[in-house]
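Asks: following is a predicted model, sequence given first.
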Amino acid sequence: MKFFNLFGRFKSNVIGMVHVRALPGTPLNRSTVSEIIDEACLEAEIYYNAGLDGLIIENMHDVPYTFEVGPEVSTSMTAVCAAIRGLYPSWPLGVQILSAANKSAVAVALASGLDFIRVEGFVFSHVADEGLLNACAGELLRYRKHIGAEHIQIFTDIKKKHSAHALTSDVSIAEMARAAEFFLSDGVIVTGTATGAQADPEELREVSQSVRIPVLIGSGVTENNVEQYLQASAMIIGSHFKKEGYWANEMDVERVTKFMEKMRQLRE
């Protein structure tokens, strides 16, 4: 019910991605914080005008990622998130801070008035490209309680992308989803193997039949395959909305517009 109260529908919500330019202190940083904010707000405006149901703000350009982020990243993300929230006071907004800086994400969401965060490494261990990522559910939810942020929903990746899963090869994605539900996740996210890679529609069905919490798709949705994912609670889309479908490129307004026109037809 929390999910419905936020988005207004149970299925087929479309959540866009703002890939914030590289932040201060990271290897690819070339912009001032003011310039980063301006670009993020421009992208948010495109999504809002196209009629998307929500938005996630993410520091995708901060490669290579680390498990701990400095205060320069958290404060910069707060500035970006607060600026977008100021423009759209009631639009569902979330944040993800890579990689797996989940406590920082909760703090940023609270400070900037956001509604949810996306979390990697909530349950079970993963061998990610950044290194060994261990589960954080117990510590994260206690931190959320401690700072008075229980109204901020936590959507959690399972069998996360950019990871090897040999350690959990005997744990099905449905079992992992049930573990996340048991550990009080507000929703689980099913992805492909990498950014932009198509998620397996069969995994969506399997997970949806295994849990009672929302199931989101976190990668690979396009105008050509969206029909396979309409039963998802939401589709998080970033790469498809960029020129040539590549996440690091500039936004393609025509792609966003055409996708949402098709969604409106499919929802009728």
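Replies: Received, thanks. Numbering: from 1, shown residues only.
Asks: L55 belongs to a strand, doesn't it?
Replies: Yes: counting by DSSP: H, G, I helix; E, B strand; the rest coil, L55 is part of a strand.
Asks: quick one: pLDDT of it?
Replies: pLDDT recorded at L55 is 98.
Asks: kindly report the same for K161.
Replies: At K161, pLDDT is 61.
Asks: would you map the strands across this protein?
Replies: Counting by DSSP state E, the chain has strands at residues 13-19, 54-58, 93-96, 116-119, 126-128, 131-133, 153-157, 163-164, 187-190, 215-217, 234-237.
Asks: looking at those strands, which is nearest to W247?
Replies: Proximity to W247, assessed across the strands of the chain by CB to CB, is greatest for strand 13-19 (6.2 Å). C-beta: built from backbone N, CA, C; applies to glycine.
Asks: what about that closest one, average pLDDT?
Replies: On average, strand 13-19 scores 98.
Asks: equivalent analysis for stretch 232-244, please.
Replies: Average pLDDT, stretch 232-244: 97.
Asks: same check, this time on stretch 184-201
Replies: Stretch 184-201 shows a mean pLDDT of 89.
Asks: in that stretch, what's buried?
Replies: By neighbour count on 16 or more other CB atoms under 10 Å, the buried set for stretch 184-201 is 185-193, 195-196, 198-201.
Asks: next, the distance between the ends of stretch 82-92.
Replies: 13 Å (CA to CA, to the nearest Å).
Asks: what's in contact with it?
Replies: Residues outside stretch 82-92 that contact it (CB atoms under 8 Å, 6 or more residues apart in numbering): 6-7, 15, 18, 37, 40-41, 44-45, 48, 53-55, 57, 93, 111-116.
Asks: tell me which of the strands of the chain lies nearest to S172.
Replies: So among the strands of the chain, strand 187-190 is nearest, using CB to CB, at 12.3 Å.
Asks: let's see that closest one as PDB, backbone CA atoms only.
Replies: C-alpha atoms of strand 187-190 as PDB (Å, rounded to 0.1, in the frame of the first residue of the first chain):
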ATOM      1  CA  GLY A 187      10.200  -3.700  -3.000                       C
ATOM      2  CA  VAL A 188      12.700  -5.900  -5.000                       C
ATOM      3  CA  ILE A 189      14.400  -5.000  -8.300                       C
ATOM      4  CA  VAL A 190      15.100  -7.600 -11.000                       C
END
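Asks: distance between the lowest-mean-pLDDT helix or strand in the chain and the chain's centre?
Replies: Sorted by mean pLDDT, DSSP states H and E, the helices and strands of the chain end with strand 163-164, the least confident at a mean of 74. Here the centre of strand 163-164 is set off from its chain's centre by 18 Å, with CA atoms, centre = their mean, to the nearest Å.
Asks: who are the packing partners of it?
Replies: strand 126-128 (3 or more CB pairs under 8 Å, 6 or more residues apart in numbering; DSSP states H and E).
Asks: quick check: mean pLDDT across the strand it packs on?
Replies: What strand 126-128 shows for mean pLDDT is 84.
Asks: please report how far S76 lies from G54.
Replies: As defined by CB to CB, to the nearest Å, S76 lies at a distance of 22 Å from G54.
Asks: got the contact list for the most centrally placed residue in the chain?
Replies: Nearest to the mean C-alpha position of the chain, by CA atoms, centre = their mean, lies R118 at 4.5 Å. Listed by CB under 8 Å, 6+ apart, the contact partners of R118 are I56, E58, G94, V95, Q96, A105, F155, T156, D157, I189, G218, I236.
Asks: one more pass at 7 Å, please.
Replies: Neighbouring residues of R118 by CB atoms under 7 Å, 6 or more residues apart in numbering: I56, G94, Q96, F155, I189.
Asks: just the pLDDT for the closest residue to it other than its chain neighbours.
Replies: Nearest residue to R118, sequence neighbours excluded (CB to CB, 6 or more residues apart in numbering): Q96, at 3.9 Å. Looking at Q96, its pLDDT is 98.
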